[in-house]
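Visitor: using only what follows, build the 3D model:
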Amino acid sequence: MPKEIRLPQLGQTMEEGTIVEYRVKVDDRIDKGDVIFEVETDKATLEVESPAAGFVKHILADIGATLPVDAVVMVLGDRDEKVPQDFIDSLAAGGPPEAAAPPAQPAPAGKQSQPAAAPQPAQSPTAGAIASPRAKKLAADLGVDISAVTGTGPGGRITEDDVRAAAEPAAAGVKPGSTIPLSRMQKVTGEKMLRSKREIPCFYLNVRADVTDLVEIRNKLNENAKVRVSYNDFIVKAVAAAMEKFPTMTGRLEGDSIRLAGEINVGLAMAVGDDLVAPILKQVGKKTVAEIAADRGALAERARGRKLGPGDIEGGCITVSNLGGLGIDAFTPIVVPGQCSILGVGRIIDTCVPDGEGGAFTVRKLMNLTLSVDHRITNGAYAAQFLDHVRQLLEDVRELVGGRR
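Guide: Residues are numbered from 1 along each chain as shown. This is a model prediction of the structure:
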């Protein structure tokens with residue numbers, strides 16, 4: 001009996017996904033749990049595992065196709081099983097799913113039965129290029145003619161880096177009045193941010209934290225550390241500790257109720273090539289800064305390799321977005337739908353501040369923190385206490401270092 005492999009919902013907000021790459025082909029044998037294809041969602045590129053074992057009989061979606069959740073992607077069967085073409089056609093048209101496929105009818109006497117031709121993937125303009133599926137998709141997103149790209153991979157294969165390199169001269173030559181096509185990720189991100197602005201009534205809080213001691217302690221920790229600790233690791237730890245004291249900040253709106261999170265998970269915005277992802281650091285309230293640093297490094301490596309799993313991008317209570325490394329003093333981030341707030345972090349600036357009485361000044365290292373908050377979940381006074389506690393923890397960071405809170 002044929003088994004349908006459908007596009008799973010890999011996140012609470014996922015409505016559709018784009019097929020990026022297949023790991024199997026027709027007639028391959030697969031086991032339950034094998035990675036069979038990669039799909040790009042609104043948050044990341046994820047690997048999809050097979051929910052069943054069998055032989056691949058048909059692949060219904062082309063690489064680059066965008067499908068709704070629960071659409072049939074491929075069909076499995078037994079080794080010698082013949083899957084009728086009309087059954088495949090009905091699936092491709094969104095037709096009957098769960099009923100068993102009708103048995104194949106024998107051909108009339110005197111006529112040779114011909115096997116149904118397997119559907120051929122639609123040919124795109126880049127189909128003839130010796131390039132990885134990801135490179136082809138990236139070329140389409142960036143508007144690069146892949147047939148004109150010189151490949152540097154094995155056997156002249158075109159890689160994603162080759163496509164990006166080919167796109168750079170074009171980007172540098174953009175002139176006023178020209179038209180730049182949006183990539184799919186840009187479109188998806190834009191839709192999510194529009195939804196956030198349209199549906200979430202936000203208020204915004206700003207505070208400056210004196211992180212002079214934090215900078216000193218971080219430098220000392222990294223002198224002999226196996227895993228280097230970043231400023232983000234301290235910030236994530238401080239946010240988690242503050243959420244333990246102010247649990248409503250973990251809330252998620254569900255109808256007429258607010259559901260508080262069972263564990264504190266913090267998203268951390270990361271740039272991966274031209275895309276932006278926010279993988280989730282799990283149970284950070286129970287971890288040391290050093291453990292958070294190790295988890296962050298592992299997440300960043302998986303993000304760069306496009307190997308994030310569904311569990312890596314779901315379940316966040318808050319997101320931390322730090323643009324300080326890009327020279328930004330302060331900014332107002334947009335709340336991720338499904339979370340209560342997002343913290344925008346600016347660069348650390350040497351600032352002259354009053355030093356006691358007598359008109360003396362001293363130079364301290366200050367950092368702007370801007371909190372965007374969903375007003376449906378909490379009010380300004382509560383969120384202000386939360387943000388002030390984050391500030392206090394960053395200014396007296398010693399209690400966050402070395403131990404669990």
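Visitor: which stretches of this structure form helices?
Guide: 85-92, 133-142, 160-172, 184-199, 212-221, 231-245, 289-304, 380-395 (DSSP state H).
Visitor: got a pLDDT number for A107?
Guide: Here the pLDDT value assigned to A107 is 42.
Visitor: just V353 next, same as before
Guide: 86.
Visitor: could you do K136 as well?
Guide: At K136, the model reports a pLDDT of 74.
Visitor: measure it to M74 for me?
Guide: Plainly put, K136 is 20 Å away from M74 if you go by C-beta to C-beta, to the nearest Å. Quick note: C-beta positions are derived from backbone N, CA and C, even for glycine.
Visitor: okay, stretch 146-153 in CSV with CA atoms only?
Guide: Presented in CSV, the C-alpha positions along stretch 146-153 are these (Å, rounded to 0.1, in the frame of the first residue of the first chain):
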residue,chain,number,x,y,z
ILE,A,146,24.0,30.8,-13.3
SER,A,147,25.1,29.7,-16.8
ALA,A,148,27.6,32.6,-16.7
VAL,A,149,29.0,31.6,-13.3
THR,A,150,32.4,29.9,-13.2
GLY,A,151,32.4,27.0,-10.7
THR,A,152,35.2,26.4,-8.3
GLY,A,153,33.9,23.2,-6.7
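Visitor: closest to R29 out of the helices of the chain?
Guide: Among those, helix 85-92 comes nearest to R29, with 19.4 Å by C-beta to C-beta.
Visitor: go through the closest one and flag the buried ones.
Guide: F87, I88, S90, L91 (16 or more other C-beta atoms under 10 Å).
Visitor: identify, from these, the entry nearest to S147.
Guide: Among the buried residues of helix 85-92, I88 lies closest to S147 (C-beta to C-beta), at 32.0 Å.
Visitor: show me what the nearest residue to the closest one once chain neighbours are set aside is bridged to.
Guide: Of all residues beyond its chain neighbours, the one nearest I88 is H58 (5.2 Å), with distances taken as C-beta to C-beta, 6 or more residues apart in numbering. Per DSSP bridges, the residues bridged to H58 are V75.
Visitor: so how far is N219 from Y231?
Guide: Y231 is 11 Å from N219, by C-beta to C-beta.
Visitor: so which of those two has more stuff around it?
Guide: In this view Y231 and N219 are compared by other C-beta atoms under 10 Å, and Y231 has more residues nearby, 19 against 10.
Visitor: for P8, grab the count of nearby residues.
Guide: Neighbours of P8 (other C-beta under 10 Å): 17.
Visitor: excluding its backbone neighbours, what's nearest it?
Guide: The shortest distance from P8 to any non-neighbouring residue, by C-beta to C-beta, 6+ apart, is to V48 (6.5 Å).
Visitor: next one: A261
Guide: That would be T250: by C-beta to C-beta, 6+ apart, it lies 3.9 Å from A261.
Visitor: I'd say that neighbour and L260 touch.
Guide: Yes - in this structure T250 lies within contact range of L260 using C-beta atoms under 8 Å: 5.3 Å.
Visitor: to D70, which of the helices of the chain lies closest?
Guide: Nearest of those (C-beta to C-beta): helix 85-92, 11.8 Å.
Visitor: what's the mean pLDDT across that closest one?
Guide: Mean pLDDT, computed over helix 85-92, is 75.
Visitor: helices or strands next to that helix in the packing?
Guide: Identification of packing neighbours for helix 85-92 by 3 or more C-beta pairs under 8 Å, 6 or more residues apart in numbering; DSSP states H and E yields strand 72-77.
Visitor: got the angle between the strand it packs on and helix 85-92?
Guide: Orientation check (axes from the mean of the first three to the mean of the last three C-alpha atoms, to 10 degrees): strand 72-77 against helix 85-92 gives 150 degrees.
Visitor: strand 72-77 packs against which elements?
Guide: strand 3-6, strand 35-40, strand 54-59, helix 85-92.
Visitor: now with 10 Å?
Guide: Packed against strand 72-77 by the contact rule (3 or more C-beta pairs under 10 Å, 6 or more residues apart in numbering; DSSP states H and E) you find strand 3-6, strand 16-22, strand 29-30, strand 35-40, strand 54-59, helix 85-92.
Visitor: my guess is the residue nearest to A261 meets M243, correct?
Guide: Yes - using C-beta atoms under 10 Å as the test, T250 is close enough to M243 to be in contact (5.4 Å).
Visitor: what is in contact with those two at once?
Guide: L260, A261, I264, N265, G285, C317, I318, C340, S341 (C-beta atoms under 10 Å, 6 or more residues apart in numbering).
Visitor: the first one: neighbouring residues, count only.
Guide: If I follow you right, that is L260. Other residues close to L260 by other C-beta under 10 Å number 15.
Visitor: can you check the last one too?
Guide: S341 has 26 neighbours, counted by other C-beta under 10 Å.
Visitor: quick check: beta-bridge partners of it?
Guide: Applying DSSP bridges, one finds that S341 bridges with I318, V373.
Visitor: which ones are touching it?
Guide: S341 neighbours (C-beta under 10 Å, 6+ apart): 202, 205, 239, 243, 249-251, 317-319, 333, 335, 371-374, 377-378, 383, 386-387.
Visitor: before we move on, back to that, as TSV, the buried residues of helix 85-92 with distance to D162 would be great.
Guide: What follows is those, written out as TSV (distance: C-beta to C-beta, whole Å):
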residue	distance to D162
F87	41
I88	36
S90	41
L91	36
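Visitor: and of those, the nearest to K32?
Guide: Ranked by distance to K32 (C-beta to C-beta), the buried residues of helix 85-92 are led by L91 at 20.8 Å.
Visitor: roughly how far apart are the closest residue to the closest one other than its chain neighbours and D295?
Guide: Leaving aside its sequence neighbours, L91 sits nearest to V72 (C-beta to C-beta, 6+ apart; 4.6 Å). Computed with C-beta to C-beta, the distance linking V72 and D295 is 36 Å.
Visitor: can you check V345 too?
Guide: 19 Å.
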